[in-house]
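J.: Just need the structure, nothing else, for what follows:
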Amino acid sequence: MEKDTTADEKAKLADLQKKLAVYQQSIKKNKIPIIIILEGWGASGKGNVISGIIKELDPRGFKVYTTGESNEEEKKFPLLRRFWTKIPLYGNISIFDRSWYRDVSISAVEDGLSENEVNHRLRDISVMEKMLTDDGYLIIKIFLNITRKEQKKRFSELEKNKSTEWRVTSNDWRHNRMFDAYKSAFQSMIKNTNTQNAPWLVIDANNSRSTVYKALSELCKILKNKLDEIQCDEDIHVENKTSEFSVRTGADIKKNPIFSLGEVDLSPTMENKLYKEKLKKLQRRLFELHNEIYLHRRPLIIVFEGWDAAGKGGAIKRLVGGLDPRGYEVIPISAPNEEERNKHYLWRFWTRLPKTGHIAIFDRSWYGRVMVERLEGFCTENDWMRAYNEINEFEKELHDWGAVIIKFWVQIDKDTQLERFNERQNTPEKQWKITDEDWRNRAKWDAYEQAVDEMLQKTSTRHAPWHIIVSQDKKVGRIQTLDLLIDAIQKKLAE
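T.: Modelled structure (predicted):
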């Protein structure tokens, strides 16, 4: 048995805990979001380390999450969604007792994942961590390492005490018997995700008396270094660094050829009688496909972007006319609220994803990052330039999950927009549709058109293509939308 902690060791530990409390206030002041990950063997002391970390912290500024196997609800979403929903506000701390790494270590052994699947998950994790650290998040990853003999000894001691015997399960003993298999999985996990922007800290935890002190000592050093950097640079966004898993580039994602908006032919029109006939037929077919989507558990994500008064709302109204109202949600996206402004910009979209078999229709979307936020100065140039790759990664992960992703840009010309603005302003029941912001955006038409062209060229991918909807004649745009949507669903179901 190890000796009790000495008074001197207790004093040193208390000093570190007080330092952490001081650092927490500086973290809050500088709006640095912190993610602390505790991984390691069963009985390696993760709980003790977490207790040591939070002992003197203000409980209003941190949350602790324990990660187990995904529940039935979580399994209806992409693997990483349950962690994206738990990222902290700027200036706050999230502490994970096991994390997204559970799905590439323990699950890799227990579920018999293929090497390709493990590598795919490892890469998605590194991409997520890169997105977060590029946005200013500090990710501290700690792995507590013990030997098989030490683990067996701790399990036995826990079982001898009636108050702690419940903590040791048959799975724990199985893990000890399969120690080498789990060790191999842990080693692969650390090797492949030990990146410059989010490195691993492996702590020898065989001496339980000193483990908490070691962990807190390293944690204090990391936080001090981060705060010292802030003193030298008021910009809290960290420099872009290259991870072992580099973010996909245009060469990696095969893109569809997209021409500029100025080349779009806006002349097509449609007679009202033909429009009504086609609309009825297409809505009936969409209703049938909605049932198939549900049966096949395929999520469908539809994105609408376009000029103000281009007809997005009308197109969405006709689209949902062919859907079962129990299986879809229309999600209007406006300026982010206070909580959304204080987290990574993709957080509010991860939290709004549809479940398997359901449909999410976004009336404006994450593309605001490279349009309105870019042009109105709501983010830095580095932020919106980085967003093209981040969005491609986000959509690729949704595609790999099994989602059908279809994106519409609703196009009209400048004169038509002016006509519709004036009509709205002069029609009492439509005046709510026109705002001062619409007029301000119109004054920047040319700048927005340039930004949209760049967006279409850099984010129209094979798995998430852009489609330009001609809405000079709204009837044409609505039929075109339904045609393209039905075609995309049919192709996905035929795979």
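J.: Checking I469 next. Helix, strand or coil?
T.: On the three-state scheme (DSSP: H, G, I helix; E, B strand; the rest coil), I469 is labelled strand.
J.: residues touching it, list them.
T.: 306, 315, 408-411, 477, 480-481, 484 (CB atoms under 8 Å, 6 or more residues apart in numbering). C-betas here are computed from N, CA, C, even on glycine.
J.: and the gap between it and I333?
T.: According to CB to CB, to the nearest Å, I469 stands 18 Å off from I333.
J.: sorry, back to before: let's have the contacts of I469 in a markdown table, adding pLDDT, neighbour count and distance to K183.
T.: What follows is these, written out as a markdown table (pLDDT from 0 to 100; neighbours: other CB atoms under 10 Å; distance: CB to CB, whole Å):
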| residue | pLDDT | neighbour count | distance to K183 |
| --- | --- | --- | --- |
| G306 | 97 | 21 | 54 |
| A315 | 97 | 26 | 55 |
| F408 | 98 | 24 | 50 |
| W409 | 97 | 24 | 51 |
| V410 | 98 | 25 | 55 |
| Q411 | 97 | 21 | 57 |
| G477 | 98 | 27 | 58 |
| Q480 | 98 | 20 | 56 |
| T481 | 98 | 26 | 53 |
| L484 | 97 | 15 | 51 |
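J.: And the strands in this protein?
T.: 34-40, 62-66, 93-97, 138-145, 200-204, 300-306, 328-332, 359-363, 404-411, 466-470 (DSSP state E).
J.: and V372, which of those is closest to it?
T.: Ranking the strands of the chain by proximity to V372 (CB to CB) places strand 300-306 first, at 10.4 Å.
J.: mind listing what's buried in that closest one?
T.: Neighbour-count burial for strand 300-306, counted by 16 or more other CB atoms under 10 Å, picks out 300-306.
J.: before we move on, back to that, make CSV out of the contacts of I469 and add distance to K149.
T.: CSV is the format used below for the contacts of I469 (distance: CB to CB, whole Å):
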residue, distance to K149
G306, 65
A315, 66
F408, 61
W409, 62
V410, 66
Q411, 68
G477, 70
Q480, 68
T481, 65
L484, 62
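J.: Excluding chain neighbours, what is closest to E449?
T.: Nearest in space to E449, with sequence neighbours left out and distances taken as CB to CB, 6 or more residues apart in numbering, is L261 at 5.6 Å.
J.: Likewise for I479?
T.: Counting by CB to CB, 6+ apart, the residue nearest I479 is K278, at 5.1 Å.
J.: okay, and the helix or strand of this structure with the least pLDDT?
T.: helix 436-443 (a mean of 88; mean pLDDT, DSSP states H and E).
J.: Would you mind writing the CA trace of it as CSV?
T.: C-alpha atoms of helix 436-443 as CSV (Å, rounded to 0.1, in the frame of the first residue of the first chain):
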residue,chain,number,x,y,z
ASP,A,436,-33.6,48.3,-43.7
GLU,A,437,-31.0,45.6,-43.7
ASP,A,438,-32.4,44.4,-47.1
TRP,A,439,-31.8,47.8,-48.6
ARG,A,440,-28.3,47.9,-47.1
ASN,A,441,-27.4,44.6,-48.5
ARG,A,442,-28.7,45.6,-51.9
ALA,A,443,-26.3,48.6,-51.9
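J.: Start at 390, not 1
T.: Sure, I'll start numbering at 390, so the last one becomes helix 825-832.
J.: For that helix, give me every contacting residue.
T.: If you take CB under 8 Å, 6+ apart as the criterion, helix 825-832 is touched by 697-698, 761, 803, 806-807, 810, 837.
J.: Going along the chain, name the helices of the stretch 690-839 of the chain.
T.: In the stretch 690-839 of the chain, the helices defined using DSSP state H, counting those that start in this stretch lie at 701-709, 727-730, 736-739, 761-764, 770-790, 803-815, 825-832, 834-848.
J.: related to what we said a few turns ago, now the least confident helix or strand of the chain, how far from the chain's geometric center?
T.: Here helix 825-832 is found 31 Å from its chain centre; the criterion is CA atoms, centre = their mean, to the nearest Å.
J.: what residue ranges in this protein are flagged as low confidence?
T.: For the chain, residues meeting the criterion pLDDT under 70 lie at 390-394, 622-648.
J.: Recalculate using a threshold of 80.
T.: 390-396, 620-648 (pLDDT under 80).
J.: In PyMOL, select just the buried ones from the contacts of helix 825-832.
T.: Only the buried entries of the contacts of helix 825-832 go into this PyMOL selection, using 16+ other CB under 10 Å:
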select buried, resi 697+698+761+806+810+837
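J.: now, which of the contacts of helix 825-832 sits nearest V493?
T.: Nearest to V493 among the contacts of helix 825-832, counting by CB to CB, is V761 at 36.6 Å.
J.: how about the closest one, what does it touch?
T.: Residues near V761 by CB under 8 Å, 6+ apart: 767, 830.
J.: check contacts around the nearest residue to T805 once chain neighbours are set aside.
T.: With CB to CB, 6+ apart as the criterion, T805 has its nearest non-adjacent residue at 5.7 Å, and that residue is Q861. With contact taken as CB under 8 Å, 6+ apart, Q861 is in contact with 655-657, 800-802, 805.
J.: Now a PyMOL select for only the buried ones of those.
T.: Buried subset of those, written as a PyMOL selection, criterion 16+ other CB under 10 Å:
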select buried, resi 800+801+802+805
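J.: Make JSON lines out of the contacts of Q861 and add distance to S496.
T.: JSON lines is the format used below for the contacts of Q861 (distance: CB to CB, whole Å):
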{"residue": "L655", "distance to S496": "52"}
{"residue": "S656", "distance to S496": "55"}
{"residue": "P657", "distance to S496": "51"}
{"residue": "Q800", "distance to S496": "45"}
{"residue": "I801", "distance to S496": "49"}
{"residue": "D802", "distance to S496": "53"}
{"residue": "T805", "distance to S496": "53"}
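J.: which among the contacts of Q861 gets closest to R851?
T.: Q800 (21.9 Å).
J.: is that closest one in a bridge, and if so with what?
T.: V859 (DSSP bridges).
J.: Spit out the contact partners of it.
T.: With contact set as CB under 8 Å, 6+ apart, Q800 has these partners: 650, 653, 655, 695-696, 699, 857-861.
J.: Could you check how far it is from W855?
T.: Applying CB to CB to Q800 and W855 gives a distance of 11 Å.
J.: same thing with S649?
T.: 12 Å.
J.: do the same with K864
T.: To W855, K864 is 22 Å away according to CB to CB.
J.: The residue nearest to I868 contacts Q869, correct?
T.: No. With contact defined as CB atoms under 8 Å, K667 does not reach Q869; the gap is 10.2 Å.
J.: In contact with the residue nearest to I514 when sequence neighbours are not counted, which residues are there?
T.: Of all residues not flanking I514 in the chain, W489 sits nearest, at 5.4 Å (CB to CB, 6+ apart). Neighbouring residues of W489 by CB under 8 Å, 6+ apart: 456, 468-469, 472, 514, 517.
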